[in-house]
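**Q** Sharing a sequence plus its predicted fold:
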Amino acid sequence: MSTPSLHRLSWLKRYPLLGPLFGLLFVLGLFEIMVYVRHLYSDYPTEPWAHFFPLEPRYNFLTAYTIGLTLTQTVIVATGALGMTVIIVAGGIDLSAGSVVALASVISAAILRSGHSSWLAALAGILSAMLVGAVNGGVISGFRMMPFIVTLGMMGIARGLAKWVGDNQTVNYNFKSTEGVNILMNNPAQLGSWDVPLWVPPSGVIVLLLLTVVMSFVLNRSVFGRHVFALGSNEDTARLCGLRTRLLKVGVYVLGGLFIGLAGVFTLARLQQGDPTVATGLELEIIAAVVIGGASLTGGVGSVWGAVIGALMMTALKSGAVQMGWPSYVQEIIIGLVIVLAVGVDKIRHRGGS
């Protein structure tokens, strides 16, 4: 006889996006209330709550401008999360994502500085990330090593390569925010004399939505997607069923590298320079977004739409913390807690489903 808790778990399992959506709405509502309370009591700095609600410019959290800015800031994490979703569904992990984002952005910036085409530079950055993914997948599958160890080592290698290519400093190039690849992460109001509101997100948001639709189809409707789920569910069974699991692992990491490299291009467009020190810890945000979105770290379960919602939640947390005037270490503590909670929820969810 089933218990009510199992009924609830099975109901959530049938509708996996409800959990991430509820979490996102909870975060948005919580910060809206907190910003309102800060505005309400900020004229009384002697009160006990003044330390937690410091005097700052007064805005509602859920404004059109804030939503547009949050969408823009989500692009980098969400794009990386698309690739990480495929890797995690296949039963892997990639701790080198943040370093590879930096490497891709520095390589693209170096090519731009040498006078080549903006889109050729972007292609070079993406291909470099795919090459790193191929190395990760080849070592993991060829030597049967743990993805955690291999990608942890690659984290240091890619970061070192980024510093070497950039000569341990930022790589600047002579492109305006309205030119070339920079257009991906800048407000369309800057593109000309059109009357475009400042809250309208850049074209990178549209690219992200299109990629999410494509990857949702690939994972859920294609033969490749079914093979990825089979690999993550049980690698031995997948091999006995005739799947070329080693080659499939390499393909998964190459595909993940494509999206991580694209996240590097978006980072380049956002900063308008290549920075070898950028994206430190970004891999944790990406992994947290994927797990919040319903993926299991044991493999075989995941959703690209859930990962994008999880990325929105992570960005909303950071945006709310900034608007509240909290210091950076508070943001890091919050992100760490969210990662632990997300993994805990994943354990509870799959324990109930077993």
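**A** Done, it's in. Numbering: from 1, shown residues only.
**Q** Might you list the low-confidence residue ranges for the stretch 101-250 of the chain?
**A** 176-178, 187-200 (pLDDT under 70).
**Q** Packing partners of the host helix or strand of residue 141?
**A** Assigned by DSSP states H and E, residue 141 belongs to helix 118-142. In terms of contacts (3 or more Cβ pairs under 8 Å, 6 or more residues apart in numbering; DSSP states H and E), helix 118-142 is packed against helix 97-113, helix 147-165, helix 245-271. In short, each C-beta sits where N, CA and C put it, glycine included.
**Q** What's the first helix or strand after the second one?
**A** Spelled out, that is helix 147-165. helix 203-221.
**Q** Run the angle between that following helix and helix 245-271 for me.
**A** Calculated by axes from the mean of the first three to the mean of the last three Cα atoms, to 10 degrees, helix 203-221 forms an angle of 160 degrees with helix 245-271.
**Q** just to revisit the earlier point, ranking the helices and strands packed on helix 118-142 by mean neighbour count, which comes first?
**A** helix 97-113 (a mean of 28; mean count of other Cβ atoms under 10 Å).
**Q** Does that helix pack against any helices or strands, and if so which?
**A** Using 3+ Cβ pairs under 8 Å, 6+ apart: helix 97-113 touches helix 64-89, helix 118-142, helix 147-165, helix 245-271, helix 282-292.
**Q** and of those helices, who's closest to residue 96?
**A** Using Cβ to Cβ as the measure, helix 147-165 is the one of those that comes nearest residue 96, at 3.9 Å.
**Q** circling back to that earlier point, any chance of the helices and strands packed on helix 118-142 in a markdown table, with distance to residue 289 too?
**A** Compiled in a markdown table, the helices and strands packed on helix 118-142 are given as follows (distance: least, Cβ to Cβ, whole Å):
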| stretch | distance to residue 289 |
| --- | --- |
| helix 97-113 | 11 |
| helix 147-165 | 17 |
| helix 245-271 | 12 |
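**Q** how far away is the closest residue to residue 283 other than its chain neighbours from residue 245?
**A** Closest residue to residue 283 apart from its sequence neighbours, by Cβ to Cβ, 6 or more residues apart in numbering: residue 97 at 4.0 Å. Per Cβ to Cβ, to the nearest Å, residue 97 is found 23 Å from residue 245.
**Q** swap in residue 23?
**A** 34 Å.
**Q** Same check on residue 280?
**A** 33 Å.
**Q** Count residues in the vicinity of residue 119, would you?
**A** 12 (other Cβ atoms under 10 Å).
**Q** Touching, it and residue 183? I think so.
**A** No - contact criterion Cβ atoms under 8 Å: residue 119 and residue 183 do not qualify, at 10.8 Å.
**Q** what residues are up against the residue nearest the centre of the chain?
**A** The structure's the chain has its C-alpha centroid closest to residue 77; by Cα atoms, centre = their mean the separation is 2.4 Å. If you count contacts by Cβ atoms under 8 Å, 6 or more residues apart in numbering, residue 77 has them with 263, 282, 285, 286, 289, 311, 314, 315.
**Q** burial measure for the residue lying closest to residue 335 once chain neighbours are set aside, as a count.
**A** Nearest residue to residue 335 in three dimensions, chain neighbours excluded: residue 285, at 6.5 Å (Cβ to Cβ, 6+ apart). Residue 285 is flanked by 25 other residues according to other Cβ under 10 Å.
**Q** same thing with residue 62?
**A** Residue 62 - counted by other Cβ under 10 Å - has 14 other residues nearby.
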